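Asker: Next input, structure requested:
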Amino acid sequence: MNKNSMNKTPIFALKLATFVIALGYSLIIPVMPFYMKNLGAGGKELGWLTAIYALTQTLCAPFWGVLSDRIGRKPIISIGMLGYTISLLLFGLASSFWTLFIARALSGILSSATSVASLAYVGDSSTEDERSKNMGQLGAAMSVGVMLGPLFCGILAGYSLALPFFTGAGISFIAFLLIVTVLPESIERSGYPHKKDSFDFLALKSMLLGPAGVILILIFIVNFCQTGLQGITGLYVVDKFGFTTGQVGVVWMVVAGVLSVVQFFLPVLWKIRWAISY
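Answerer: Modelled structure (predicted):
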């Protein structure tokens, strides 16, 4: 795809895919404590669900990135969305903790496919001047999904604990259809060099021991604390205060809203400070 054609591309499908991944991720947070209690599980099992999602995403993201270079971005995004639909259906149909565990692992594996390939798609299709703006649009779609997911889950779970997952699966399938039908491929596969480059361990060592390594450590610490908070807060407020699914959803909607506002305003304030200093 010509990089100058990004504005004419039906990028709505790409943003919807990103939105659905974030929505599906945040959908399970308010209802999970109640799922755990119904299945006779507790905080330890909930920690396993949180860990397996993060682990599968981390392990599979590089694989999906390499595969998208070889066969194209669109097939990988499509595979991710279809698989994500199946994983949400498994959540809704789950009758045991191990079914939830398998569904959560599948969700992590396939959501990483869509996330990685979507970012690569924007990189392929954007000019240097527009890349930041287009990446920002994907980030905004993700923030909206994370913020709305707990609210929708809290409302829908009042009717049935499985309803949020079936709803998310339906939205995910719609996104899959849009991607298959209206999203063009962003790279020319025939022009991709098939020769496999050797892994540069010296470059990796230099990166880890340099400033980038410090940033990676900080990112690890932040995500470690954040996933721990997500894993236990729902159970805590249910056990301590007797919150309903709707109340837990409101708590997470507020948390996600604050995160989104901070992520938006901090870069803006930094740019203003930078402009004033010069």
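
Asker: In this structure, where is pLDDT below threshold?
Answerer: Applying pLDDT under 70 to the chain flags residues 1-11, 126-133, 186-201, 203-205, 207, 230-231, 263-271, 273-278.

Asker: ranges for the helices of it?
Answerer: If DSSP state H is used as the criterion, the helices of the chain fall at 11-38, 43-71, 73-93, 97-125, 128-156, 163-182, 201-209, 211-241, 245-277.

Asker: could I get those helices as JSON lines with mean neighbour count?
Answerer: Every residue, glycine included, has its C-beta placed from N, CA and C. Shown next, in JSON lines, are these (neighbours: other CB atoms under 10 Å):
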{"stretch": "helix 11-38", "mean neighbour count": "24"}
{"stretch": "helix 43-71", "mean neighbour count": "17"}
{"stretch": "helix 73-93", "mean neighbour count": "22"}
{"stretch": "helix 97-125", "mean neighbour count": "22"}
{"stretch": "helix 128-156", "mean neighbour count": "19"}
{"stretch": "helix 163-182", "mean neighbour count": "20"}
{"stretch": "helix 201-209", "mean neighbour count": "10"}
{"stretch": "helix 211-241", "mean neighbour count": "13"}
{"stretch": "helix 245-277", "mean neighbour count": "14"}
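
Asker: got a list of what residue 260 touches?
Answerer: 143-144, 146-147 (CB atoms under 8 Å, 6 or more residues apart in numbering).

Asker: These into CSV, with extra columns for distance to residue 115?
Answerer: Below are these laid out as CSV (distance: CB to CB, whole Å):
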residue, distance to residue 115
143, 14
144, 15
146, 13
147, 18
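
Asker: now, the most widely separated pair of the residues you listed?
Answerer: 144 and 146 (7.4 Å; CB to CB).

Asker: list residues touching both of the two?
Answerer: With CB under 8 Å, 6+ apart as the test, residue 144 and residue 146 both reach 22, 260.

Asker: so what's the residue nearest to residue 114 when sequence neighbours are not counted up against?
Answerer: Spatial nearest neighbour of residue 114, chain neighbours left out: residue 80 (3.3 Å); criterion: CB to CB, 6 or more residues apart in numbering. Residue 80 is in contact with 17, 21, 64, 110-115, 117, counting by CB under 8 Å, 6+ apart.

Asker: Then residue 223?
Answerer: Contacts of residue 223 (CB under 8 Å, 6+ apart): residue 54.

Asker: and the gap between it and residue 165?
Answerer: Using CB to CB, to the nearest Å, residue 223 is found at 24 Å from residue 165.
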